[in-house]
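Generate a structure from the sequence data that follows.
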Amino acid sequence: MEDDLDELLDEVEKKFCSNVSVASSDRGDSNEAGKRGSATKPEESVSSVTEDIDAFLEELLEEDYSDSPQIKTEQSPKGTQVEKKLSSQSGGRKCCPVFVGGSSVTNGVGTATSKRSCDQLRCTSCDFRVLMFDDCEWDSSCDYLFLRNNVPDRQKLRAKLKKRRGLRAYACQCSWFSTSEPTDLRDQPQLRWVCGKHQD
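The predicted model follows:
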C-alpha cells in the first residue's frame, strides 16, 4: 500500500513539477502558440493523475468505512445496501489476510481491520473452488476419500454434514474445515486455500 502511494506521489511530482517549469519558461516567451500548447498538455495529464488519485482515495475510504460502527451496527436492509455498494467498489480485489468464519460472519473482502469471511476461496493443492455450507459442521467420519469422490456435488456432501447453528463448513476436494469464529487461514497451514478475487 505504501509503495503504491509512493509511486503515485512520484508520478504526480514528475507531471506537475515538469509542467510548472515549462509554464514558467513560457511566461517570458512572447510566442502565443507555445503558451497554448503548454496550456493543453497539463490539462490532459492532470485529468489522468486525478483519476488515479480518486481511485486510490476510494480504496482508502472503503477500508475506513468498513471499520465504521454505522455499518457494523446496522441490521436493516439499508445496511446491506451499504455493504453491497462497498463490495461493488472493490471489484477485482483480493482478501489480505484471508479469513473464514461461521454463518454469522459477513462474507466479502477480508482485511486486517475488517474480518470478513472470504467466499471466493480456491485450493492451490487440488485446484477446486472451496464450497461453503452455512449452519453445518463436518462429521468426524469425513475423510479425504469421501471428499475426493463427492466434491463438487453438494447433495452427496450433505451425507457427512451435521446441522449446527452458527457454524460454517468448508470443503475442497482435498481438505475440510468447520468454524464459527473468524479464522485467519495463516493459522491453518494444512489448508492450501487462497482468495480467488472478489468481483462486483
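
what element comes up after whichever strand in the chain runs longest heading to the C-terminus?
Taking DSSP state E as the criterion, the chain has its longest strand at strand 161-171. Beyond strand 161-171 on the C-terminal side, the first helix or strand identified by DSSP states H and E is strand 176-179.

Which residues does that following strand contact?
Applying C-beta atoms under 8 Å, 6 or more residues apart in numbering, the set of residues contacting strand 176-179 from outside is 100-102, 136-138, 142, 147, 164, 167-171, 188, 191. In this view, the C-beta of every residue, glycine as well, is placed from N, C-alpha and C.

Mark which of those are buried, thanks.
100-102, 136-138, 142, 147, 164, 167-171, 191 (16 or more other C-beta atoms under 10 Å).

between these, which is nearest Leu157?
Among the buried ones among the contacts of strand 176-179, Ala171 lies closest to Leu157 (C-beta to C-beta), at 6.6 Å.

Going along the chain, name the strands of the chain.
Going by DSSP E, the chain shows strands at 99-100, 121-123, 131-138, 161-171, 176-179, 183-184, 193-195.

okay if I get these as JSON lines plus distance to Leu5 and mean pLDDT?
What follows is the strands of the chain, written out as JSON lines (distance: least, C-beta to C-beta, whole Å; pLDDT from 0 to 100):
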{"stretch": "strand 99-100", "distance to Leu5": "25", "mean pLDDT": "96"}
{"stretch": "strand 121-123", "distance to Leu5": "29", "mean pLDDT": "95"}
{"stretch": "strand 131-138", "distance to Leu5": "35", "mean pLDDT": "96"}
{"stretch": "strand 161-171", "distance to Leu5": "35", "mean pLDDT": "96"}
{"stretch": "strand 176-179", "distance to Leu5": "34", "mean pLDDT": "96"}
{"stretch": "strand 183-184", "distance to Leu5": "25", "mean pLDDT": "94"}
{"stretch": "strand 193-195", "distance to Leu5": "23", "mean pLDDT": "95"}
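
what's the domain layout of this structure?
2-67, 93-195 (automatic domain parsing).

which one of the buried ones among the contacts of strand 176-179 sits closest to Asp4?
Val100 (27.1 Å).

Kindly state the beta-bridge partners for that closest one.
Thr183 (DSSP bridges).

List the residues that contact Ala169.
Taking C-beta under 8 Å, 6+ apart as the test, what Ala169 contacts is 132-133, 136-138, 161, 176-178.
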